[in-house]
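Student: Provide a 3D model corresponding to the input given below.
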Amino acid sequence: MKKNQWLQSVYAPATQKFPERKYNYTNLSDMDPDPIYTQDDLEGLDVERDLGYPGEYPYTRGVQSTMYRGKLWTMRMFAGFGSAEQTNERFHALLKAGQTGLSTAFDLPTLMGYDSDHPFSMGEVGKCGVAVASLADMEILFDGIDPEQVTTSMTINSPASAIWAMYIAMAQKKGANLANLGGTIQNDILKEFIAQKEYIYPPAPSVKLVIDTFEWGPKNLPKWNFISVSGYHIREAGATGVQELAFTLADGFHYVEKALERGLDIDEFAPRISFFWDVHNDFFEEIAKFRAARRIWARQMRERYGAKNPRSWMLRTHAQTAGVSLPAQQPLNNIARVAIQALAAVLGGTNSLHTDSYDEALALPTEEAATIALRTQQIIAYETGVAGVVDPLAGSYYVEKLTNDIEAAALGYIEQIRALGGVEKCIDLGFFANEIGEAAYRYQREVDSKDRIIVGVNDFVTEPVQVPIQLIDPEVERVQAERLARVRRERDPQRHEAALNMLRDAAVNGANTMPAFLECAHAYATLGEQMDVLRKVYGEYTEPVTV
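Tutor: Presented below is the predicted three-dimensional model:
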C-alpha cells in the first residue's frame, strides 16, 4: 500500500485532510511535517551513494567507523568567569568530576580586544567569562593543568590570534612539545559580522588574520584545530536550523577559497578545520542537520575544491545545547530540555559536546548547575545504550527524508549566497541580518500567538521558582588592574616595544602575523596593546544600516 492510499483509508473520504497539529515545532519550513513517512518518501535515495557506512565518504553516518564504541564524544564543558584564579578552580573541579576536555569562555572586554583596565571595560570584567589581558593571566588560568594531556577549546574570534599565541607561550614556558598540543581556537570572524557582532576590524583584514592561522598552524601545531566554524551564534541570534547550516557552511567554504587564493595546499589545512553547531529543541531536525552537514561538506570539498585527502572531507564538530531555548521561567525545566538536546547531538554524531546549565538565563552557571549538566552527558553515555550502535537512526524514513530536505534547502541558500557575490558581499548587503531577523520575528510571533508553546513561558505557567545564582566578585576589576600594572612594570621594555613593532610591520606588509603574535605574548604585551596596533593599521568596522 502506498502512503497516500494509507492516509485515505484511515481518513476517509479521500478529500479529508489529516488532522493538523496545533503546535508547530519545526523550523524547516512554515509547514508541519507529514503525519507519517514510508519508503515512498525515499524515492531517489541511493543507499550506497548517499548513506554508505560510518567512516566512509560522504560521512552521512559519521566520520569515524566505530564512533562512540571506539571512544565516547569529548565532554567539553564551557567554563570561565571572574579572574583567572576563579576559572582555574572551576577547571580543576570539572576535570575532577569527569570532564574530558576544557572549553574557555572569555569576558566581553577580552572578546572585544580591550584590556581589563580600559575605560570601556568598566562593569564588564569577568562578567560573561574569564578576564585575560596578558600571558600572566593565561599562566594562572592553566596552572596545574598539563597542556599536553588535556585538549582545550577557546571561544574567541577577533583577538583569536593573540589569545592563541598566549596559550602557546604558556605551554612553551611549561616545556610542552607543540606537536603534542591539541585543542581548538574558534577564530571564526565571519559569523561575528553575521550574528554575534564582536568584531573589531573590517571583514577583509579580519579574514586575512584567520588565513594566517591556516598557513602557520599545520606547520607548528599539527594536532590543533585553528578554526571552529560556528553556527551556534547564528542560531542563537534567531536563525532557523536550515539557515544555521547554510550560513555556517558558506563561511567554511569562504575560508577555504581564501586559503586557496593564498596558495595553500587544501589537504594540509582542511583536516584541521572544525565546526560548532547549536542543538535546539526539534529533536529529529537536529539529528538530520548533523547528517546533512557532513554530506554537504564532504561532497563540496571533494568535488568542488578538489581535496584528495579523506580527512579533508570529514566534517568534525563540537556541539552545544541551545542556550537561547532555556528560559528564566521555571528554570529546572531546562534540565529536561538540555537532556533532549544532548541526546539529539549524540544521535547526530557530534565529536564533542557542551551541555548548558539550567540557570543559563539567570547568570553564569553555579558549580552545582554545571555539574548537573555534565552528569546529563554521562547518563546518556553510560546508561542509555545509545553509544553502543553507530548512527542507530539510519534508515528511518523520517530521518532520511528530513536529512535530504535539509540538505537541499541548505544547498539552495549556499548557491544564493554565491550568486550574490559571496559571504563578504552578503555581509555588506545585509543579507544575513535580514534573513535572520525575519526568522526571529516569525518565531516570536508564533510564541506570542501560542502557535508555538514554550512550557512555563506562554502556557503551563506557575509561580516563579527561585534558584541560587552565580555572583561575580566586584573585586575582579581591582585584581585585574593591579596585575596589569605589575605586568607593565616588570616586563622587558625593549623586548615589548620590538614585539609590537614586529606585529605592526607584519600587518603593514601583509606578512603572516602569527610569529609576531607569539613574540608579543612572550614579551607580555597586553591584549589591548596588540589590538590597538592593528586598529591603527586596519581601521575599525562600522556595520552598515540595512533594512
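Student: show me where the chain has its strands.
Tutor: Remark: strands assigned in the chain by DSSP state E are 74-79, 101-105, 152-155, 183-185, 224-225, 227-230, 273-279, 316-321, 352-354.
Student: strands paired with the fourth one, and their directions?
Tutor: In other words, strand 183-185. Applying DSSP bridges, strand 183-185 is found paired with strand 152-155 (parallel), strand 224-225 (parallel).
Student: what comes up buried for stretch 45-65?
Tutor: For stretch 45-65, burial by neighbour count (16 or more other C-beta atoms under 10 Å) applies to 50-52, 54-64. All C-beta atoms are positioned from the backbone trio N, CA, C, and that covers glycine.
Student: how many other residues sit next to I140?
Tutor: For I140, the neighbour count with other C-beta atoms under 10 Å is 18.
Student: quick check: it vs R483, distance?
Tutor: Computed as C-beta to C-beta, to the nearest Å, the I140 to R483 distance reads 9 Å.
Student: what of C128?
Tutor: The gap separating C128 from R483 is 19 Å, by C-beta to C-beta.
Student: neighbour count: these two, which is higher?
Tutor: Using other C-beta under 10 Å as the criterion, C128 and R483 rank with R483 on top: 20 against 17.
Student: which strands or helices does the longest helix along the chain pack on?
Tutor: Secondary structure of the chain per DSSP state H: the longest helix is helix 397-419. Contacts defined by 3 or more C-beta pairs under 8 Å, 6 or more residues apart in numbering; DSSP states H and E place helix 397-419 against helix 241-261, helix 283-299.
Student: where does the nearest residue to A409 once chain neighbours are set aside land on pLDDT?
Tutor: The spatially closest residue to A409, leaving aside those adjacent along the chain, is V242, at 4.6 Å (C-beta to C-beta, 6 or more residues apart in numbering). V242 is assigned a predicted lDDT (pLDDT) of 96.
Student: is it true that V242 touches Y413?
Tutor: Yes: the pair V242 and Y413 qualifies as a contact (C-beta atoms under 8 Å) at a distance of 6.9 Å.
Student: looking at those two, which has the bigger crowd around it?
Tutor: Between V242 and Y413, counting by other C-beta under 10 Å, V242 is the more crowded of the two (23 against 17).
Student: who's the residue most central in space within the chain bridged to?
Tutor: Nearest to the mean C-alpha position of the chain, by C-alpha atoms, centre = their mean, lies F276 at 3.4 Å. Listed by DSSP bridges, the beta-bridge partners for F276 are S230, H318.
Student: so it sits against S228, correct?
Tutor: Yes: assessed by C-beta under 8 Å, F276 is found in contact with S228 at 4.6 Å.
Student: what touches both of the two?
Tutor: Taking C-beta atoms under 8 Å, 6 or more residues apart in numbering as the contact rule, F276 and S228 both touch Q186, D188, H318.
Student: are any of those residues buried, and which?
Tutor: With burial judged by 16+ other C-beta under 10 Å, the buried subset of those is Q186, D188, H318.
Student: and of the residues you listed, the nearest to T38?
Tutor: H318 (34.9 Å; C-beta to C-beta).
Student: I figured the closest one hits S228, correct?
Tutor: Yes: H318 is within contact range of S228, at 6.4 Å (criterion: C-beta under 8 Å).
Student: got any residues that touch both of these two?
Tutor: Shared contacts of H318 and S228 (C-beta under 8 Å, 6+ apart): S153, T184, S274, F275, F276.
Student: and the two most separated of the residues you listed?
Tutor: By the measure C-beta to C-beta, S153 and F275 form the most distant pair in those, at 12.4 Å.
Student: of these two, which one has the most company?
Tutor: Between S153 and F275, counting by other C-beta under 10 Å, F275 is the more crowded of the two (27 against 24).
Student: do you know how far P271 is from K208?
Tutor: Distance, P271 to K208, by C-beta to C-beta: 22 Å.
Student: kindly apply the preceding question to V545 instead.
Tutor: Applying C-beta to C-beta to V545 and K208 gives a distance of 26 Å.
Student: these two: which is more packed in?
Tutor: Shown here are V545 and K208; by other C-beta under 10 Å, K208 has more neighbours (18 against 7).
Student: shaky segments in the protein?
Tutor: The model of the chain has pLDDT under 70 over residues 1, 10-32, 546-547.
Student: what's next to stretch 427-444, contact-wise?
Tutor: So stretch 427-444 is contacted by 27, 190, 193-195, 203, 234, 237-240, 243, 247, 417, 420, 426, 452, 544, 546-547 (C-beta under 8 Å, 6+ apart).
Student: now do stretch 473-488
Tutor: So stretch 473-488 is contacted by 82-83, 86, 115-117, 121-122, 125-126, 131, 133-134, 136-137, 524, 526 (C-beta under 8 Å, 6+ apart).
Student: are any of the residues you listed buried, and which?
Tutor: Buried among the contacts of stretch 473-488 by 16+ other C-beta under 10 Å: 82-83, 86, 115-117, 121, 125-126, 131, 133-134, 136-137, 524, 526.
Student: burial count for T366?
Tutor: A total of 18 residues lie near T366 under the criterion other C-beta under 10 Å.
Student: surely it is in contact with L471?
Tutor: No: if you go by C-beta under 8 Å, T366 and L471 don't touch, sitting 9.5 Å apart.
Student: what is in contact with the two at once?
Tutor: Contacts common to T366 and L471, judged by C-beta under 8 Å, 6+ apart, are absent.
Student: separation between S161 and M514?
Tutor: Separation of S161 from M514 (C-beta to C-beta): 6 Å.
Student: shared neighbours of those two, anything?
Tutor: Shared contacts of S161 and M514, defined by C-beta under 8 Å, 6+ apart, comprise D212, T213.
Student: hmm, back to that, pick the most buried one from the strands paired with strand 183-185.
Tutor: strand 152-155 (a mean of 24; mean count of other C-beta atoms under 10 Å).
Student: what comes into contact with that one?
Tutor: 76, 78, 101-106, 142, 160, 163-164, 167, 183-186, 228, 318, 352.
Student: and what of stretch 86-93?
Tutor: When contacts are defined by C-beta under 8 Å, 6+ apart, stretch 86-93 is touched by residues 79-81, 102, 104, 126, 130, 140-145, 367, 370, 473, 476.
Student: of the residues you listed, buried ones?
Tutor: Using 16+ other C-beta under 10 Å as the burial test, these include 79-81, 102, 104, 126, 130, 140-142, 145, 370, 476 as buried.
Student: thinking again about what came up before, for the residue nearest to A409, give its distance to D405.
Tutor: Between V242 and D405 the computed distance is 9 Å (C-beta to C-beta).
Student: one more: R483?
Tutor: R483 sits 53 Å away from D405, going by C-beta to C-beta.
Student: ok, now Y358?
Tutor: For Y358, the distance to D405 - C-beta to C-beta - is 32 Å.
Student: neighbour-wise, which of those two wins?
Tutor: More crowded of Y358 and D405, by other C-beta under 10 Å: Y358, with 25 against 18.
Student: the more buried one: what's it in contact with?
Tutor: Residues in contact with Y358, defined by C-beta under 8 Å, 6+ apart, are L326, P331, L332, N333, N334, I335, V338, A369, I372, A373, V467.
Student: 10 Å - rerun?
Tutor: Contacts for Y358 (C-beta atoms under 10 Å, 6 or more residues apart in numbering) come out as 326, 330-338, 365-366, 368-370, 372-373, 376, 467.
Student: now list the buried members of those residues.
Tutor: Neighbour-count burial (16+ other C-beta under 10 Å) is assigned, among the contacts of Y358, to 326, 330-331, 333-335, 337-338, 365-366, 369-370, 372-373, 376.
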